[in-house]
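K.L.:
model the following, please.
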Amino acid sequence: MNFHIVACGGSVMHQLTIQLKRLGHHVTGSDDEIFEPALSNLKVHNLLPEEMGWNAERITKNLDAVIVGMHAHADNPEWLKAKDLGLKIYSYPEFIYEHSKNKTRVAIAGSHGKTTITGMVMHVLKQNNKAFDFLVGAKLEGFEYSVQLSDAPIMIIEADEYPDSQETKIPKFLYYKPQIACISGIAWDHINIFPTFENYVLQFEKFIESMEQNGHLFYNQDDKTLCDLITKAQNLNVSGYSAHEHLKTEDGFELVTKSKNYTVQIFGEHNFYNINAAYHICKTLGLSNEEFYTAIQTFKGAAKRLQLIHKSDKNIFYFDFAHAPSKVKATVNAMKELSPNRKLVACLELHTYSSLNKEFLKEYKGCFDGVDFPIVFYSQHSFEMKRLPEVSPREILLAFGNGELKTFNQPQQLLTYLKRITQFEKEFNLLMMTSGNFGGMKMEDVAKFLF
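P.N.:
Down below sits the predicted model:
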């Protein structure tokens, strides 16, 4: 078939573009800007557009379908031309459903933990030689791609609530109609799309309603909002889960089961919830207890999810994708649980639209409780890109409700402060959290500079 991908440079879109070519289709793509790693990945597969920008001449009657990414605006000339020609047009979640409509679809949703739970399920299935397709929002060890399309009987999907396109703005997870689903928890995010908490929760209610009848839904039973929502579920097999029983050892953590204990390489209370969610999904897919627990022992986590950057006898440095309040709290608590007797330096970059919004900022109150050196970083460029009024350091301090909080808006100032901490605190752990890049800082370079 002949496909054209509008906005092929996105994290998922470029992976989908590559997969279509690997399946033997003829594929072209376009975008107005493409960054790494998509740039190199597309280039390797000879899929990088000859020139950046939009060109309606790329759209012809010979195309079997056009797939449009969220980055394309409603007035995109290629999109408009495809409509004029009456071509089949998909958003990427629409296409994923079309590809998997005859498969067993597993959709992992929730405000936090989606990527990790999806990664756990994928890891366990692969370790047990099960054939499956997948879509996940991060790089996982052992997987060359983050999207795979084949004739496998199962499709594992990280199902997020962000809109499918600039035109319809339907949450992506409403397309998948899963037979098996998980909701890890609900905590307000994406204020630019969902202006109120009630509106945000409504999307998850619609997700539950979108499931196939007699499907299996697993949910975090310790999330009150989610528990209230689950009472509305009809014609589904519904099961709650909590954090998997575990214990701390000198070397890390072990999962406790009736037969034996299993050492795992990840930590944090939130990850023991994630493990239990993955366990229930894998059991529903037919795996045994032994198959699950043996495989989960070697799961190291997804890229940028509590990713170890540096470790020594005196310091441990982790980088994490945390940006929403619930994610920040969970990650901070995980670091405190890992080393309860060691001081913690925790730095969060305000980078998303929600985190840079004055009205939403108060949702971060208490996130840094118990942190010895709490830090917030932000850049003027981020406010300009989101077209938001800049927030003052005082407004940030009041929102977080932490009198010890330090704020920085220049990378070098932040690095200087962190270096100063190393001069009078020999033993401490460092946690850097962002969905951005701290003004261009590479975490490996930060580690070399500090340690």
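
K.L.:
model confidence at Lys362, what's the number?
P.N.:
Among the per-residue scores, Lys362 holds a pLDDT of 91.

K.L.:
for it, which non-adjacent residue is closest in space?
P.N.:
Nearest residue to Lys362 in three dimensions, chain neighbours excluded: Ala399, at 4.9 Å (CB to CB, 6 or more residues apart in numbering). Where you see a C-beta, it was placed from the backbone N, CA and C, and this is true even at glycine.

K.L.:
where do the helices of the stretch 251-400 of the chain begin and end?
P.N.:
269-284, 289-296, 325-338, 358-361, 380-386, 393-400 (DSSP state H, counting those that start in this stretch).

K.L.:
and the first one, what does it pack onto?
P.N.:
Applying 3 or more CB pairs under 8 Å, 6 or more residues apart in numbering; DSSP states H and E, one finds that helix 269-284 makes contact with strand 104-109, helix 114-127, strand 180-183, strand 216-220, strand 237-241, strand 253-256, helix 289-296, helix 325-338.

K.L.:
output the ones you listed in JSON lines, with mean neighbour count and distance to Val147 appended to each entry.
P.N.:
Shown next, in JSON lines, are the helices and strands packed on helix 269-284 (neighbours: other CB atoms under 10 Å; distance: least, CB to CB, whole Å):
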{"stretch": "strand 104-109", "mean neighbour count": "26", "distance to Val147": "15"}
{"stretch": "helix 114-127", "mean neighbour count": "26", "distance to Val147": "12"}
{"stretch": "strand 180-183", "mean neighbour count": "27", "distance to Val147": "19"}
{"stretch": "strand 216-220", "mean neighbour count": "24", "distance to Val147": "24"}
{"stretch": "strand 237-241", "mean neighbour count": "15", "distance to Val147": "27"}
{"stretch": "strand 253-256", "mean neighbour count": "18", "distance to Val147": "30"}
{"stretch": "helix 289-296", "mean neighbour count": "18", "distance to Val147": "22"}
{"stretch": "helix 325-338", "mean neighbour count": "21", "distance to Val147": "23"}
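
K.L.:
let's have those in JSON lines, adding mean pLDDT and distance to Val136.
P.N.:
Below are the helices and strands packed on helix 269-284 laid out as JSON lines (pLDDT from 0 to 100; distance: least, CB to CB, whole Å):
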{"stretch": "strand 104-109", "mean pLDDT": "98", "distance to Val136": "9"}
{"stretch": "helix 114-127", "mean pLDDT": "97", "distance to Val136": "5"}
{"stretch": "strand 180-183", "mean pLDDT": "98", "distance to Val136": "14"}
{"stretch": "strand 216-220", "mean pLDDT": "98", "distance to Val136": "18"}
{"stretch": "strand 237-241", "mean pLDDT": "97", "distance to Val136": "20"}
{"stretch": "strand 253-256", "mean pLDDT": "95", "distance to Val136": "23"}
{"stretch": "helix 289-296", "mean pLDDT": "97", "distance to Val136": "16"}
{"stretch": "helix 325-338", "mean pLDDT": "91", "distance to Val136": "17"}
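
K.L.:
how about the ones you listed in TSV, adding distance to Leu80?
P.N.:
Shown next, in TSV, are those (distance: least, CB to CB, whole Å):
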stretch	distance to Leu80
strand 104-109	31
helix 114-127	33
strand 180-183	35
strand 216-220	39
strand 237-241	44
strand 253-256	53
helix 289-296	48
helix 325-338	38
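
K.L.:
now the helices of the stretch 251-400 of the chain in CSV, with distance to Asp222?
P.N.:
CSV is the format used below for the helices of the stretch 251-400 of the chain (distance: least, CB to CB, whole Å):
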stretch, distance to Asp222
helix 269-284, 8
helix 289-296, 21
helix 325-338, 12
helix 358-361, 24
helix 380-386, 33
helix 393-400, 25
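
K.L.:
closest to His310 out of these?
P.N.:
helix 325-338 (13.8 Å; CB to CB).

K.L.:
same for that closest one, what does it pack against?
P.N.:
By 3+ CB pairs under 8 Å, 6+ apart, helix 325-338 packs against helix 269-284, strand 315-320, strand 343-349, strand 428-433.

K.L.:
show residues contacting that helix.
P.N.:
Residues outside helix 325-338 that contact it (CB atoms under 8 Å, 6 or more residues apart in numbering): 111-112, 185, 187, 248, 267-271, 306, 316, 318, 320-322, 344, 346, 348, 363-364, 366-368, 370-371, 429, 431, 433.

K.L.:
try 6 Å
P.N.:
111-112, 187, 267-268, 270, 320, 322, 344, 346, 348, 363-364, 367, 370, 429, 431 (CB atoms under 6 Å, 6 or more residues apart in numbering).

K.L.:
again with stretch 398-413
P.N.:
Contacts for stretch 398-413 (CB under 6 Å, 6+ apart): 361-362, 364-365, 368, 374-379, 393, 396-397, 414, 439, 441.

K.L.:
in strands, which of these fall?
P.N.:
Judged by DSSP state E, the subset of the contacts of stretch 398-413 located in strands is 374-377.

K.L.:
which of those residues has the most neighbours?
P.N.:
In terms of neighbour count, Val376 stands highest of the ones in strands among the contacts of stretch 398-413 at 27 neighbours, by other CB atoms under 10 Å.

K.L.:
just list whatever residues bridge to it.
P.N.:
Leu348, Thr407 (DSSP bridges).

K.L.:
surely Ile183 meets Ala109?
P.N.:
Yes: Ile183 lies in contact with Ala109 (CB atoms under 6 Å); the separation is 5.1 Å.

K.L.:
now the buried members of the contacts of stretch 398-413.
P.N.:
Among the contacts of stretch 398-413, those scoring as buried are 361, 364, 368, 374-379, 396-397, 414, 439, 441 (criterion: 16 or more other CB atoms under 10 Å).

K.L.:
which non-adjacent residue is nearest Glu245?
P.N.:
Nearest in space to Glu245, with sequence neighbours left out and distances taken as CB to CB, 6+ apart, is Val256 at 4.2 Å.

K.L.:
which residues does the one you found bridge with?
P.N.:
Going by DSSP bridges, Val256 is paired in beta bridges with Asn261.

K.L.:
rewinding a little: and the ones in strands among the contacts of stretch 398-413, which two are furthest apart?
P.N.:
Pairwise distances across the ones in strands among the contacts of stretch 398-413 (CB to CB) peak at 11.4 Å, for the pair Pro374 and Phe377.

K.L.:
what pLDDT does the model give Asn409?
P.N.:
If you check Asn409, the pLDDT there is 93.

K.L.:
so how far is Ser259 from it?
P.N.:
Separation of Asn409 from Ser259 (CB to CB, to the nearest Å): 53 Å.

K.L.:
that'll do, ta.
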